[in-house]
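K.L.:
Requesting a structural model of the entry that follows:
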Amino acid sequence: MTAMIDVEAVSVRYGPVRALDDVTLRVAAGRVTGLIGMNGSGKSTLFKTITGLIRPVSGTVRLDGLTPAAARRRGLVGYVPQSEDVDWSFPVSVRDVVMMGRYGHLGPTRRPRDADRAAVDEAIARVELSDLADRQIGQLSGGQRKRAFVARGIAQDARILLLDEPFAGVDTRSEATIVRLLRELAADGRTVLVSTHDLHALPALADEAVLLRQRVLFHGDVQRALEPVVLARAFGLDADDTDTSGTDTDTDEGDAA
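P.N.:
Down below sits the predicted model:
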């Protein structure tokens, strides 16, 4: 099976700190892959390296055979960053944010056409934000903001979607909506890589799981990834301390939709 995301022997350093160490990862189309790891394990660095925002000190990244820069130019990759990476005070509406996903489809004048506006309206409707389309993005709840960025990826028609902690601090409705959409997008042949602390939602969300701790420790079946002896390697715990049947590993309580 051809890999849409192909990360080969990638290492990234921040000064003396090695954030990623010889990471190799291949993700196929038509699947949702869950990325699991504790804070500081390199998940956000991996996303930024895949998108080309960070240049590795060694190794290569290919997206559908292209470099990250070439994939971005063709609109192949959509990225939903963590909330703290976004300036929520910027004076743009939900519709404006989603329209940004159409930039690569606009003509030389960069003026939206009827087809672009229709794609934006459809994407906003799919994430159930039509009644908030003209609201400033910072006025939305955390879950609604995440849904708006998912809508941007849908409007972009990106074939590869990267979502960095989309469930952190979101309400139950938003989480259910995002999970449903990601499953639909994968069924449509798109490639979805999503990092999450919500281990309980992982079986319903993902087809496979990757455990990361600067290196890829495991890549395979979700149920196998959730076994205590496997999770312990990623979270630095004793196997007896790893229990996914009780509380979530993420302490965010969420917000109202």
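K.L.:
When you work out contacts or count neighbours from here on, use the C-alpha atoms and nothing else.
P.N.:
Noted.
K.L.:
can you give me phi and psi for G42?
P.N.:
phi 110, psi 10 (degrees, to the nearest 10).
K.L.:
The residue nearest the centre of the chain in helix, strand or coil?
P.N.:
The centre of the chain sits closest to L163, judged by CA atoms, centre = their mean, with a distance of 0.9 Å. Classification of L163 by DSSP: H, G, I helix; E, B strand; the rest coil places it in strand.
K.L.:
check contacts around it.
P.N.:
Going by CA atoms under 8 Å, 6 or more residues apart in numbering, L163 touches Y79, V80, P81, V192, L193, V194, S195.
K.L.:
neighbour-wise, which of those leads?
P.N.:
V192 (27 neighbours; other CA atoms under 10 Å).
K.L.:
what's across from that residue in the sheet?
P.N.:
For V192, the beta-bridge partners are V32, L161 (DSSP bridges).
K.L.:
farthest-separated two in the contacts of L163?
P.N.:
P81 and V192 (13.8 Å; CA to CA).
K.L.:
Quick check: the gap between the residue nearest to the centre of the chain and D114.
P.N.:
Distance of L163 to D114, given as CA to CA, to the nearest Å: 28 Å.
K.L.:
Over to V27?
P.N.:
Note on V27: its distance to D114, by CA to CA, is 35 Å.
K.L.:
again, but for T191
P.N.:
T191 sits 28 Å away from D114, going by CA to CA.
K.L.:
Have a look at the two and say which one is more surrounded.
P.N.:
Higher neighbour count among T191 and D114: T191, with 25 against 9, using other CA under 10 Å.
K.L.:
Touching, the more buried one and V27? I think so.
P.N.:
Yes: applying CA atoms under 8 Å, one finds T191 in contact with V27, separated by 7.4 Å.
K.L.:
so what sits against both of the two?
P.N.:
Common neighbours of T191 and V27 (CA under 8 Å, 6+ apart) are M4.
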